[in-house]
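Peer 1: Mind folding the following:
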Amino acid sequence: MNCELLATCSALGYLEGDIYHKEPDCLESVKDLIRYLKYEDETCDVRQQLGAAQILQGDLLPILIQHCQDKPLFDAVIRLMVNLTQPALLCFGKVPQDPSFRHHFLQVLSYLQAYKEAFANEKTFGVLSETLYELLQLGWEERQEEDNLLIERILLLVRNILHIPADRDQEKSIDDEASLHDRLLWAMHLSGLDDLMLFLASSAAEQQWSLHVLEIVSLMFRDQNPEQLAMAGQARSARKQGADMTELEILRRREMAEKKSRVFQRSSRHSRFGGSYVIQGLKSIGDRDVVFHKSLHNFQTYSPDMGKDTRYVPRRRQIAQDHSLQRRSALNVRLFLRDFCSEFLENCYNRLMGLVKDHLLREKAQQHDETYYLWALAFFMTFNRASNFRPGLVSETLSVRTFHFIEQNLTNYYEMMLTDRKEAVSWGRRMHLALKAYQELLATVNKMDTSADEAVRESSRIIKNNVFYIMEYRELFLTLFRKFDETRQPRSYLCDLVETTHLFLKMLEHFCRSRGNLMVQNKRRRKKKKKAHPQSPASAGNGPYPPEGVWPALAEQLKHCAQNSELTLDSVVPFDAASEVPVEEQRTEAMVRIQDSLLAGQAPEALTLLRSAREVWPEGDIFGSPDFSLEEEIELLRQIFSAPLPRQQEPEEQGGEEEGEEEEEEEEELQAVQILEKEFNFLDYLRRFACSAVVKACVLLLQSYQKNSPYTNHCVVKMLHRLAHDLKMEALLFQISLFCLFHRLFNDPASGAYKELVTFARYVLAKFFALTEVNRKAFVELLFWKNTAVVREMTEGYGSLDAESSNRKPPKWNPEEEKQLRELYLAHKDIEGEDVIDAILAHLNTTTRSRKQVIHQLVRLGLADSVKDFQRQRKGTNLVLWTEDQELELQRLFEEFQGSDDVLGHIMKNITAKRSRARIVEKLLSLGLVADRRELYKKRQRKPVTSSLLDGKDHLKDRDQEDLEENCEEDEEGPEAEAAQDTSVHIPQSLRQILQEEDFSAPILWLQNCLIRIADDREEDGCTQAVPLVPLTEENEDAVENQDFQKLLRKLGIRPPASEQESFWRVPAKLSPALLRRAAASLSQAEPEPQSADRPEQGPRKEKLALAPGSPMAAKKRKNDLGSSEGEADKEPLSSGPQKLQLLDSDGEQEKNESKNKDSDPGSPEPPRIHKRRRFLIEDEDD
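Peer 2: Alright, predicted model coming up:
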């Protein structure tokens, strides 16, 4: 030992008899030891020296027991003991592979095992329990930070001691014997520490220790079987006794068979000569037969591998070892643990599991803490199911959310097992733990079906319905079977996987039978196709050619139908107002529907469609005039009957295994997941398990049938029986390794105990030998694992799949079709700007040929060298960069069509290098020609606004209809598109009333002033930039955030913030000063107009209409008053009546006028305030 370390340990004190005398510097020595441990090297030399000196056994534990009243010393000793007892894996990070470091690791582990034996003392846990009890008695207001640290350190110390693994060389793990771990648990029980754990788990004030408590509880029940704990202290049932008797009978039969074989091997008399024999037919290394130098009775065990060295298996290919070991503890320990489980379930389980899951979801826990949650779920739900089953005790984890949580962890563990290859075995253990939790959830739900309570059975039905409905839960077990890897996952994992799959299939089959039909969720990857290239003129009219001689019969039928009075137009509707298809395309579709009705011989429907379409589209007399006679209608129908109308090409249906033959390079395809619902078929779902991966896993587990439990063997046999009998795929099990297993089973002396397995083996062998009578190649097929296709060929004959695939092949080309194909190709191959294949498809007599078939036939005929000669060019593949000439052309086109209704549409029609709409918009934005892509929206022509609308009285629409139309217009077009198209701005009456009710007079005046100032600035400076509207007062800011006021802004053409970088509404650059002044004038009518009751209206109604802004008389009046100045307008008398409106320049001018009114007559009562506005005389540029 290091001299400084030795001196520090000597300064702790000494033990005299049973009394420990501490030195004066004991506290400082303990702190020095903590400091030494902090700076130890990677070999943990300080830890090893302290362990070799037995400091914990000889000094620290006596100090802890006898000097617990010294609080500073007690805290320091607890802190040092927590450091000394931490797991060896935390000290080294992982199990070292280097021999020297591995020696240090094992040395530290041996010292930890000695510490665990020293802690198996009632006095030690008594001191810890008393200290913890005193700390927990303190309320949260009395408890200090040091008290919380001490509580946490005590819990960590108990956790570290319980975590120390047992020494399996010294402890033989014999059942019903008290092991070191059992003695430790018994000491905890005698000290009352287990009751404190229950208090911490159930107390609402101690939620912060939930993860520590769950970790300690999981370590307490390590190596325990919950089903055996539930049955502890109870009389063994007849079923358990029968299972034990069967196991003893198997062992007795095997022992008798071994004795019998040894008797046969012993000869009657001693032979001095062993003898040498030649094995005929078995060649040695040379050309001679093998010479056998032992007795004949040893020939049964002869193998060519005898005497050879064992083959080295690389570490990455070694089978994963199972480290889990379950044993039966002493009876008193089992009884104490059983009572602890019962109290934990009744008082702590639901609350503690809810807290832990909340910590996990909020990421408040440490890494891999979810494993304790999964273990507790599996253990305590199994205990509850094996004892007095009460679903309410585990209701927290009995839900669909728990299924989802476990399924997510299973998937995550599997992905980490593939990526983190160095820790793949650890991830495999975590995956096994999640699978156990999933298995227990299913078992508990299955147990609920047998409950006497109807509510419990209904809850079980709801959970099963939700679990079976989701596709991920159904596909989970199939995925786990396919991804099983015996080098990373132990044999016990495969055993639990088979048992869980058996239980799931059993529950699903029973649920389907009880329901009759079950609708489930199904996810399918669908190929979304973008719109193809526009059709060429040659392929536009691809409708069916009408047969000759049919029209006279249709004409007679039409005349007869026209005379029938029962023909109504309400039965057929040619127009769908809710459809997204444009009106022009619906009109074309209506024409095609009329032609289809005529081709199908349905004359009444065609005539009804024609008359209905005439009422919907009367303009242009496309469907005839309302004054048409019957002969004219029949003539129009004849023209439609023989017209080559454009039709949309329907996508070709692809089925079966030929879905891979798609038309290449024609359309861009996007993979998308489509969620559908379909009726569930159990046999179809079971066919998913008919694969070699599932059979391999089952055969691998069946290899150890002697070590498996009877239930495990039953699950394996039932799984294979479902594949062989239910699906009629016995050939799937025709494999030499399985047959070798059957041979070993038949020669087993205890084969009578495996009746189910023996019966199934005979069934499979009988099917195999029956098949060999028909197919002699079945013996060769034994060497290979098979899939469903091979099984079908073995049973139905080789080549049966090829025969079916040939039926789905396209028909062969006859000489006439080849001649026509050759002529069409030679006629269209030299035409520039036209796709040759599209032209050929448009003129071929047969319509069943696809583009791919035509291309391949051209290659076969020698007209083309390769399929690549006919590849279609995709959109945007050739044009990537813009040249300088193209940019100039784009700028010229934008300036030419800037004032049109559809700027972008005109540019795309006239541009030389064709590009997509998105590319042109991006280029316009990058060149700075437009500030926002909304300026390129297509503008819709609107009807002119009449004077009656401006006056605020609309006789055609009510208030609700106007609001609905406003919303539709705002959705369809940009807000600035509306103001740009109107010569005068119309504000609906409904919006006027809303603004008047909410009293937006001040914000409207502010908006008027802003518009007028912007118009003046644009006239003076000629600047056409977008100007933001910045509200400086709180009243204006609240108005801008109001939805009704925002509707007003959109009506005026003011656009909202385009992105997160903009905060204010902006006046677009394209609004001219004249438009801005007209918008400001329209706000005069939108502002509320309070009217005094004492002042009657002056002037008749006609005068008011004549003076309304926007009316003809008002325009004429403006022309007559152009010479007048603004000063004359300011001198108008204020008492001219409410009909004369005044527009104020600013808020300051309004305050000035109000102050004048107050100064004029201070003694008189304040009259009702009337807002008067001054009308600006603005010259209209259009006039």
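Peer 1: how many neighbours does L732 have?
Peer 2: Applying other Cβ atoms under 10 Å, we find 24 residues neighbouring L732. Using the backbone N, CA and C atoms, a C-beta is placed for each residue, glycine as well.
Peer 1: Identify the residues contacting it.
Peer 2: A690, V695, L723, A724, K786, T788, V791 (Cβ atoms under 8 Å, 6 or more residues apart in numbering).
Peer 1: Can you tell me which of those residues lies closest to A839?
Peer 2: When these are compared for distance to A839 (Cβ to Cβ), T788 comes out closest, at 44.4 Å.
Peer 1: Is the nearest residue to that closest one once chain neighbours are set aside part of a helix or strand, or is it coil?
Peer 2: Nearest residue to T788, sequence neighbours excluded (Cβ to Cβ, 6 or more residues apart in numbering): A690, at 5.5 Å. Here A690 is recorded as coil under DSSP: H, G, I helix; E, B strand; the rest coil.
Peer 1: How about the backbone phi and psi for A690?
Peer 2: With angles defined as degrees, to the nearest 10, A690 sits at phi -80, psi 70.
Peer 1: distance of it from A724?
Peer 2: 10 Å (Cβ to Cβ, to the nearest Å).
Peer 1: Check E28 too.
Peer 2: Counting by Cβ to Cβ - E28 and A724 are separated by 77 Å.
Peer 1: Of the two, give the one with the bigger neighbour count.
Peer 2: The neighbour comparison of E28 against A724 (other Cβ under 10 Å) goes to A724, with 21 against 13.
Peer 1: can you pull the contacts of R47?
Peer 2: Counted by Cβ under 8 Å, 6+ apart, R47 has contacts L37, E40, L84, C91, V108, Y111.
Peer 1: repeat for F511
Peer 2: Here F511 is in contact with K464, N465, F468, L518 (Cβ under 8 Å, 6+ apart).
Peer 1: And it, which helix or strand is it part of?
Peer 2: helix 491-515 (DSSP states H and E).
Peer 1: Just the buried positions in that helix, please.
Peer 2: 491, 493-505, 507-509, 511-512 (16 or more other Cβ atoms under 10 Å).
Peer 1: ok, the contacts of F511 vs Q891, which is closest?
Peer 2: F468 (63.1 Å).
Peer 1: Let's see if you can find the most crowded of the contacts of R47.
Peer 2: Neighbour-wise, the contacts of R47 (other Cβ under 10 Å) top out at L84, 22 neighbours.
Peer 1: Ignoring the adjacent residues along the chain, who's closest to that one?
Peer 2: Nearest one to L84, counting by Cβ to Cβ, 6+ apart, is L56 at 5.8 Å.
Peer 1: what residues are up against the one you found?
Peer 2: Contacts of L56 (Cβ under 8 Å, 6+ apart): L50, M81, L84, T85, Y115, A118.
Peer 1: quick one: low-confidence parts of the stretch 801-950 of the chain?
Peer 2: Along the stretch 801-950 of the chain, the parts satisfying pLDDT under 70 run over 801-809, 833, 847, 872-881, 938-950.
Peer 1: ugh, typo on my part, it should be the stretch 1051-1183 of the chain
Peer 2: Along the stretch 1051-1183 of the chain, the parts satisfying pLDDT under 70 run over 1059-1061, 1085-1183.
Peer 1: let's see 80
Peer 2: Applying pLDDT under 80 to the stretch 1051-1183 of the chain flags residues 1058-1063, 1070, 1083-1183.
Peer 1: Would you list the phi and psi of Y312?
Peer 2: phi -80, psi 130.
Peer 1: number of nearby residues for it?
Peer 2: Y312 has 6 neighbouring residues, counting by other Cβ under 10 Å.
Peer 1: before we move on, what about L135?
Peer 2: Count around L135 with other Cβ under 10 Å applied: 16.
Peer 1: In this model Q144 seems to touch it, though I could be wrong.
Peer 2: No. Using Cβ atoms under 8 Å, L135 makes no contact with Q144, being 10.0 Å away.
Peer 1: how about stretch 146-155: buried residues?
Peer 2: In stretch 146-155, residues buried by neighbour count (16+ other Cβ under 10 Å) are L150, I151, R153, I154, L155.
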